[in-house]
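# Fold the following for me, if possible:
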Amino acid sequence: MEEKEVKLFGMWASDFALRVEWALELKGIEYEYVNEDLPFNQSEELLRLNSVTKKIPVLVHNGKPLAESLVIIEYIDDTWKEGYSIMPKDPYDRAQARFWAKFAEDKCITTTLGVFTSEGEAQKKVVQEAREAFKTLKQAITGKEHFGGDSIGYLDLAIGLFAFLMPVFEEIVGVSIVDDANAPLLKAWFARFLDVDLIKTSLPPRDKMYELCKERQQQFISGQIKF
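Predicted coordinates:
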């Protein structure tokens, strides 16, 4: 299928936009990238294309906008069927991938952000919740090289943001969530995922990400920005 127009609205430090970039790169799709100045200065075009949530990422294909990173990834795989397959072929495996992606969104991401944006006793409580969530998530990769099996797939893209950002978050807050004692399978997968050429060449500079995350943490704690 010839793409007349593929445009991705993202932000250089957005883990959710990065999911979509990975999907486009895996499929070999040429696209234009529009870097938004977030969180306070969304462009008029972004607000027009995603008037519902006003958030990135937004994929525009042939003039039609689509929001929400995991929805976009499935659309990409369904639209460009040739070549690399992101979603599992088997219906049961696809359903399982969606289940674990939702679990990661609801439990792992939520609790990790809770650790990142809290202090004192409140933080101690959510640290334990985050560790338990990642212990549960390891079930999805037991006996596999990647969540997608021998190669990275939908669930790897959905969860891949942790591999890069978790060590940054842990360094900033001074606590360990995913380590060799708590979740060794996930810790090992972090290293394998980040060693994939397509992944490691697309990551933002760690020092720049660290500074931004540190700034965002203070903005969350002070109430300047909210989830």
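# buried ones in the helix or strand bottoming out on mean pLDDT in the chain?
Taking all helices and strands of the chain together, the one with the lowest average confidence (mean pLDDT, DSSP states H and E) is helix 206-222, at a mean of 89. Along helix 206-222, the positions that meet the burial threshold by neighbour count (16 or more other C-beta atoms under 10 Å) are 209, 213, 216-217, 220. Heads up, the C-betas are built off the backbone N, CA and C, glycines and all.
# now for it, which elements pack on it?
If contacts are counted by 3 or more C-beta pairs under 8 Å, 6 or more residues apart in numbering; DSSP states H and E, helix 206-222 sits against helix 110-116, helix 161-173.
# and the ones you listed as TSV, adding mean pLDDT?
What follows is the helices and strands packed on helix 206-222, written out as TSV (pLDDT from 0 to 100):
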stretch	mean pLDDT
helix 110-116	93
helix 161-173	93
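# would JSON lines of those with distance to V6 be doable?
Putting these into JSON lines (distance: least, C-beta to C-beta, whole Å) gives the following:
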{"stretch": "helix 110-116", "distance to V6": "30"}
{"stretch": "helix 161-173", "distance to V6": "22"}
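# which stretches of this structure aren't confidently modelled?
Counting by pLDDT under 70, the chain has low-confidence residues at 1-4, 224-227.
# Sketch out the strands for it, chain order is fine.
With DSSP state E as the criterion, the chain has strands at 6-10, 32-35, 58-61, 64-67.
# Which secondary structure elements does the third one sit against?
By that I understand strand 58-61. When contacts are defined as 3+ C-beta pairs under 8 Å, 6+ apart, strand 58-61 packs onto strand 6-10, helix 44-49, strand 64-67, helix 69-79.
# Name the stretch among these that sits most buried.
Comparing the helices and strands packed on strand 58-61 by mean neighbour count (mean count of other C-beta atoms under 10 Å), strand 6-10 comes out on top with a mean of 21.
# picking that back up, turn the helices and strands packed on strand 58-61 into a markdown table, columns for distance to F193.
Compiled in a markdown table, those are given as follows (distance: least, C-beta to C-beta, whole Å):
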| stretch | distance to F193 |
| --- | --- |
| strand 6-10 | 20 |
| helix 44-49 | 29 |
| strand 64-67 | 25 |
| helix 69-79 | 16 |
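# Keeping just the C-alphas, turn stretch 75-91 into CSV.
Coordinates of each C-alpha in stretch 75-91 appear next as CSV, following Å, rounded to 0.1, in the frame of the first residue of the first chain:
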residue,chain,number,x,y,z
TYR,A,75,-3.8,0.4,12.9
ILE,A,76,-0.3,0.4,11.5
ASP,A,77,-0.1,-3.4,11.6
ASP,A,78,-3.5,-3.8,10.0
THR,A,79,-3.0,-1.2,7.3
TRP,A,80,0.5,-2.2,6.2
LYS,A,81,0.1,-6.0,6.2
GLU,A,82,3.2,-6.8,4.2
GLY,A,83,6.6,-7.4,5.9
TYR,A,84,7.1,-7.3,9.6
SER,A,85,4.2,-8.5,11.8
ILE,A,86,3.7,-6.6,15.0
MET,A,87,0.5,-8.3,16.3
PRO,A,88,0.5,-12.1,16.9
LYS,A,89,-1.2,-14.1,14.2
ASP,A,90,-3.2,-16.4,16.5
PRO,A,91,-6.4,-14.8,17.9
